[in-house]
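*Asks:* Quick check, what structure comes out for this input:
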Amino acid sequence: MEIFYAICAGIITAAIVYGVWQAVETMKQLRATARAVEYLAINTNEKIEATRGFFEAVDSFSGTVRSFWFKAAHVASAFLSGMRQGR
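*Replies:* Residues are numbered from 1 along each chain as shown. As a prediction, the model looks like this:
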């Protein structure tokens with residue numbers, strides 16, 4: 001019976017050692033992934049800062065276009081409203 005207990009203890013010990021080894025490998029991979037994500041975030045932030053002027057220009061242009069079409073629609077609405085009241 002002692003041999004059986006010794007074999008079970010050996011198997012349990014091997015399983016614990018393997019589990020610890022697997023946890024250490026997972027932590028190494030997690031650390032490498034975190035570094036890669038940090039690099040990606042920094043790189044993306046730099047690219048966004050570099051293109052900020054372009055996006056501000058697009059926003060300004062679209063605001064101008066929206067403003068023009070809103071004013072044109074307002075004038076057309078006022079004109080049509082005046083036409084209806086004139087009849």
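*Asks:* so how far is the one helix or strand residue 43 maps to from its chain's centroid?
*Replies:* Following DSSP states H and E, the helix or strand that holds residue 43 is helix 2-86. The chain centre lies 0 Å from the centre of helix 2-86; the measure is Cα atoms, centre = their mean, to the nearest Å.
*Asks:* Can you name every helix or strand that it contacts?
*Replies:* Contacting helix 2-86 under the criterion 3 or more Cβ pairs under 8 Å, 6 or more residues apart in numbering; DSSP states H and E is no other helix or strand. In this view, the C-beta of every residue, glycine as well, is placed from N, C-alpha and C.
*Asks:* Let me see the mean pLDDT of it.
*Replies:* Within the predicted structure, the mean pLDDT of helix 2-86 is 85.
*Asks:* Just the C-alphas of stretch 22-39, formatted as CSV.
*Replies:* Taking C-alpha atoms only, stretch 22-39 is exported to CSV below (Å, rounded to 0.1, in the frame of the first residue of the first chain):
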residue,chain,number,x,y,z
GLN,A,22,2.3,26.5,-16.9
ALA,A,23,1.4,29.5,-14.7
VAL,A,24,4.9,30.9,-15.0
GLU,A,25,4.7,30.5,-18.8
THR,A,26,1.3,32.2,-18.9
MET,A,27,2.6,35.1,-16.9
LYS,A,28,5.5,35.5,-19.3
GLN,A,29,3.2,35.6,-22.2
LEU,A,30,0.8,38.0,-20.5
ARG,A,31,3.8,40.4,-19.8
ALA,A,32,4.8,40.2,-23.4
THR,A,33,1.3,40.9,-24.6
ALA,A,34,1.0,43.8,-22.2
ARG,A,35,4.2,45.3,-23.6
ALA,A,36,2.9,44.9,-27.1
VAL,A,37,-0.4,46.6,-26.3
GLU,A,38,1.4,49.4,-24.6
TYR,A,39,3.6,49.9,-27.7
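*Asks:* Pull out the CA atoms of stretch 73-87 and give them to me as PDB.
*Replies:* Taking only C-alpha atoms (Å, rounded to 0.1, in the frame of the first residue of the first chain), the coordinates of stretch 73-87 have been written out as PDB:
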ATOM      1  CA  ALA A  73     -33.000  75.200 -46.500                       C
ATOM      2  CA  HIS A  74     -34.100  78.000 -44.200                       C
ATOM      3  CA  VAL A  75     -34.200  80.500 -47.000                       C
ATOM      4  CA  ALA A  76     -36.100  78.000 -49.200                       C
ATOM      5  CA  SER A  77     -38.600  77.300 -46.400                       C
ATOM      6  CA  ALA A  78     -39.100  81.000 -45.800                       C
ATOM      7  CA  PHE A  79     -39.600  81.600 -49.600                       C
ATOM      8  CA  LEU A  80     -42.100  78.800 -49.900                       C
ATOM      9  CA  SER A  81     -43.900  79.900 -46.800                       C
ATOM     10  CA  GLY A  82     -44.100  83.400 -48.200                       C
ATOM     11  CA  MET A  83     -45.400  82.000 -51.500                       C
ATOM     12  CA  ARG A  84     -48.200  80.100 -49.700                       C
ATOM     13  CA  GLN A  85     -49.300  83.200 -47.700                       C
ATOM     14  CA  GLY A  86     -49.200  85.300 -50.800                       C
ATOM     15  CA  ARG A  87     -51.900  83.200 -52.500                       C
END
